[in-house]
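**Q** Below are the sequence and a predicted model for it; my questions follow.
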Amino acid sequence: MADSVVSFLLENLTQLLKNETKLLYGVGDQVRSLQLELTTINQFLRNSTEKREKVGDLVSLIRDVAHEAEDIIDSFIINMAKHKRRNTVDKFLHSFQHTSMLRSVATDIESIKIQIATIYRNKDTYGIENDMETGDDSVRRTTLQSRRNRVEENEVVSFVKDAKIVIRLLTNLTSCSKVVSIVGMGGLGKTTLAKKVYNDSIVKNQFNCRAWVTVSQEFASKDLLMNILESVTKVTDKMYKMEEDKLIEELRKCFEMKSYLVVLDDVWSTEAWDGIKDAFPRTSNGRVLITTRIKEVALHASPIPPYLLPLLNKEDSWELFSRKAFRDEGCPKELEKDGRRIAEKCNGLPLALVVAGGLLAKREKSTRVLSKMAENVSWYLNEDPEKCFDILALSYEELPPKLKPCFLYFGVFPEDFEIPVRQLIRLWVAEGFIKEDKTRKAEDIAEEYLEDLVDRSLITVLRKSCDGRIKSCSIHDLLRDLSISKGLQENFLVVHSGIKTSTSLATTATVKPRRLSVHCKIFRYISSNPYDSSRVRSLLCFNDNDELNGEYFRSLHKDFRLLRVLDFGATSVPRVLPRAEKLILLRYLKMNAPHLEEIPPFISGLPNLQTLDLSESKILNFRRNFWDMQQLRHLFLSRKCYCLVKEAKPMPNLETFSTSNSSILCAVDFSQVFPNLTKLGVICSSSCIDIFDELQDVTSIKIIKIIGELANPIKEDGFSLNLTKITLARTKLRQSQFAKVGEFPNLQTLKLLEKSLAGSIMQCNKRGFPQLQVLYMEQLHVNTWSMQSGAMKNLQSLVIKSCKSLKALPEQLKQVTTLRHITTYGCSFRIGEFGENVVKRES
């Protein structure tokens, strides 16, 4: 299949043409005609398969034409919006200019159509076929597979602890599952571990019939069945002529009364397992061991959680690297510091450690050589004949089209950066990567995409929220380098750090990136102006304590007029902001504005803005025209912000509002102004009336975070709220107020943070918290927790952190049959005895 990023780009452009029809007045026929051409070429891309090197040229042509079409349409939308803002006199004075612009756009679109038609007519020149994959691709994948196996097998990591765990899972004959899986990213040593287990004496003694089969991306079920059969019995000529169902019967006969072990190495799809699973009888004492990069494959084969192979720690990494680099001589003391730097930059990935060590083994062992290599480990790994990146890239190539831009986007973040998931998802949505459907919001779909990337061992989860959702994540440095490299090839992304960029100086003049990530002072980038910024759709800044003056801000406004995403990071914007109304395509804006006391006027003139993050500002109030931002979905304000405008207009699309001063609740009618709000963060002030009383008619709110003391008791009519998650901090709830919280009928998650409760006793009344599933307690100063029978009857997970005064868990907690997990950190009490279904963790 041709490059899926191009396919995605064309889909996104088609969607843009559909959504902006009203602004395309005057060129409607041309736009509709272009849309038909794009649909044709997009269908061709979906049906075609990547074959030869020439395909890359074709993909580049299509990508460039699609980018050009997108630029024409976006520029036209900006000009039309500017024209509509003019008064009658100005429209008359600019009528000739407007007519000329329409004529020019129509001509440009016709030119694009001709280019697309020419490419489609000449597609056969590029050797594109719509049937099966050519042998070249199959040979390449087989070569990469054997290369990976050779690298892993030649340098066996000890895996002593990991092997013991897997062997225990395999030899546990009481287990109801026949399948054990090892899951991890490419190059982690899954095959090495499986071979260590396969050849272990305990395993050999228990399983007298064994077979090893490598599956890979391209497979045929009949070939897999024959390979297994050849390992466990003598194959006759008759068997070679059998169909798959007959081969399955033969294997079942072989395994029926035996204790067998079959290893299926490098499984990439659920279809591979489905094609052969019936060959393994459930009644025998056999086991199947699967290695895969994809968690979904493991869970499809067995409901038992797979063994997630971790990265190596620092010492094991150093041991593996030094053994490969210095062999029997050992590392000289004067080289150890730089050697350890190289090992650490491999981030615990055995494949990278082995390749890096092998490179050093062929070079001069000197401080100069090691120091140079330590400065740019990823470059050396990519230059090596073993092509570490090519092996890792197999996971990228197997991604479905919808996930490829999401993976490439991780390249915008700096090395070892803890990525906030909520922010990442909002960026994906603003970029247009996520398409809503009729039943789910874009943010929910994006969360599924992220979980899919995690399950494919491409992204690492760093932190989870108490209800199990991913809170922050990261990407391995080598996979990040892969995303930047692929992103540069596709004109998808350029990373600029001032000293080192993702492009060479020789090519910067020809690069026209769609996304730009700046990891240096923004004024330094603007001053050097190394790239053509006219096509940039996203500008993200990652730097510390930078400041942008008015002149540079005007330059951004002029040179980056097609922006959809603008994230200033820690860069401070000037006190007086120039006009920036031309940024009308902007969907995501994050500004650090420590000098501003009111929202700048130009922000209200951004009709497509979805996310506005001013949480790092000192803005105190809204302007009247703030309420004109009808597309706004997520709003983050300073904790000091309050509202001076009571005549607010409804904002029907706003879903998230945080963190607001509670005085805003008193100033506007939330049910009228924010009818579809689902998440609310509030800082309580003593002057405001009860927050739950104010929100009693806002039934759309599902999640609320309250910081600060509540002024009044919670009233009965507050129970109409449909809250599913509540976070409380410094609220100092009295026992009567806490009891009212326990009566919220739909509450599933409750987080009690520092000073959320007053007094030293936490009492859960009978039938209190009827739907609560997750309870998180941190830094509470209670010493006694008591529960009446029937309280928290659906509780599943309990996390208690740094509650040093708490003496013990309530005995009634043992009566909660749904409880599955109890975790404590920094507590003085012991969890005690619970049922065998409860997993306990203390630290």
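**A** Here it is on my side, so go on. What you see is a predicted model, and the numbers here were worked out from it, not measured in a lab. Numbers count the residues shown, from 1 in each chain.
**Q** CA atoms for contacts and neighbours, from now on please.
**A** OK.
**Q** mind checking how far the closest residue to Asp467 other than its chain neighbours is from Ser465?
**A** Counting by C-alpha to C-alpha, 6 or more residues apart in numbering, Asp467 lies nearest to Val774, which is 6.1 Å off, once chain neighbours are set aside. From Val774 across to Ser465, the span is 10 Å (C-alpha to C-alpha, to the nearest Å).
**Q** Between these two, point out the one with more neighbours.
**A** Using other C-alpha atoms under 10 Å as the criterion, Val774 and Ser465 rank with Val774 on top: 23 against 10.
**Q** show me what contacts the more buried one?
**A** Cys466, Asp467, Gln748, Thr749, Leu750, Leu795, Gln796, Ser797, Leu798 (C-alpha atoms under 8 Å, 6 or more residues apart in numbering).
**Q** which ones among the residues you listed are found in helices?
**A** If you go by DSSP state H, the contacts of Val774 have nothing in helices.
**Q** Okay, now the unreliable bits of the stretch 151-300 of the chain?
**A** Residues of the stretch 151-300 of the chain meeting the criterion pLDDT under 70: 151-158, 173-176, 283-284.
**Q** 50 - rerun?
**A** For the stretch 151-300 of the chain, residues meeting the criterion pLDDT under 50 lie at 151-154.
**Q** how about the helices in it?
**A** Taking DSSP state H, counting those that start in this stretch, the helices of the stretch 151-300 of the chain run over residues 160-171, 190-198, 201-206, 221-232, 237-240, 244-255, 270-274, 295-301.
**Q** Deepest-packed of these, please.
**A** Scoring the helices of the stretch 151-300 of the chain by mean neighbour count under mean count of other C-alpha atoms under 10 Å gives helix 190-198 as the most buried, with a mean of 23.
**Q** right, and Asn653 touches Asn676 too?
**A** Yes. Counting by C-alpha atoms under 8 Å, Asn653 does reach Asn676; the two are 6.5 Å apart.
**Q** Out of those two, name the residue with the larger neighbour count.
**A** More neighbours surround Asn676 than the other of Asn653 and Asn676, with 20 against 17 (other C-alpha under 10 Å).
**Q** who's in contact with the more buried one?
**A** Residues near Asn676 by C-alpha under 8 Å, 6+ apart: Pro652, Asn653, Leu654, Glu655, Ser700, Ile701.
**Q** and it, that one's in a strand?
**A** No. Counting by DSSP: H, G, I helix; E, B strand; the rest coil, Asn676 falls outside a strand, being coil.
**Q** quick one: which helix or strand includes Leu562?
**A** Assessed by DSSP states H and E, Leu562 sits outside every helix and strand.
**Q** Tell me who's in contact with it.
**A** By C-alpha under 8 Å, 6+ apart, Leu562 lies in contact with Asp71, Asp74, Ser75, Ser534, Arg535, Val536, Arg537, Leu583, Leu585, Leu586.
**Q** pLDDT at the fifth one, what is it?
**A** The predicted local confidence for Arg535 comes out at a pLDDT of 83.
**Q** Once you drop chain neighbours, what's closest to it?
**A** In space, Arg535 comes closest to Arg514 once its chain neighbours are excluded; the distance is 5.8 Å by C-alpha to C-alpha, 6+ apart.
**Q** distance of the one you found from Ser615?
**A** For Arg514 relative to Ser615 (C-alpha to C-alpha), the value is 27 Å.
**Q** low pLDDT regions in the stretch 501-650 of the chain?
**A** Short version for the stretch 501-650 of the chain, where the test is pLDDT under 50: 504-506, 509.
**Q** just the helices in it please.
**A** All helices of the stretch 501-650 of the chain, identified by DSSP H, counting those that start in this stretch, fall at 522-528, 550-559, 601-604.
**Q** next one: the stretch 301-450 of the chain
**A** Ranges of helices in the stretch 301-450 of the chain, per DSSP H, counting those that start in this stretch, are 314-326, 336-345, 350-361, 367-375, 377-383, 388-397, 404-408, 421-431, 442-455.
**Q** TSV for those, including mean neighbour count?
**A** What follows is the helices of the stretch 301-450 of the chain, written out as TSV (neighbours: other C-alpha atoms under 10 Å):
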stretch	mean neighbour count
helix 314-326	21
helix 336-345	20
helix 350-361	24
helix 367-375	16
helix 377-383	17
helix 388-397	19
helix 404-408	23
helix 421-431	20
helix 442-455	18
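**Q** Could you dump these into CSV with mean pLDDT added?
**A** Output for the helices of the stretch 301-450 of the chain, formatted as CSV (pLDDT from 0 to 100):
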stretch, mean pLDDT
helix 314-326, 89
helix 336-345, 91
helix 350-361, 86
helix 367-375, 89
helix 377-383, 77
helix 388-397, 82
helix 404-408, 94
helix 421-431, 95
helix 442-455, 94
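**Q** Distance to Ala739 added to those helices, as CSV?
**A** Below are the helices of the stretch 301-450 of the chain laid out as CSV (distance: least, C-alpha to C-alpha, whole Å):
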stretch, distance to Ala739
helix 314-326, 49
helix 336-345, 51
helix 350-361, 54
helix 367-375, 59
helix 377-383, 57
helix 388-397, 51
helix 404-408, 44
helix 421-431, 31
helix 442-455, 32
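**Q** And these: which comes nearest Gly187?
**A** With respect to Gly187, and counting by C-alpha to C-alpha, the nearest of those is helix 350-361 at 4.6 Å.
**Q** And for Gln796, nearest residue in space, chain neighbours not counted?
**A** Leu819 (4.1 Å).
**Q** who's in contact with that neighbour?
**A** Taking C-alpha under 8 Å, 6+ apart as the criterion, Leu819 is in contact with Asn794, Leu795, Gln796, Ser797, Asn837, Val838.
**Q** and of the residues you listed, the nearest to Gln763?
**A** The closest of the contacts of Leu819 to Gln763 turns out to be Leu795 (C-alpha to C-alpha; 15.7 Å).
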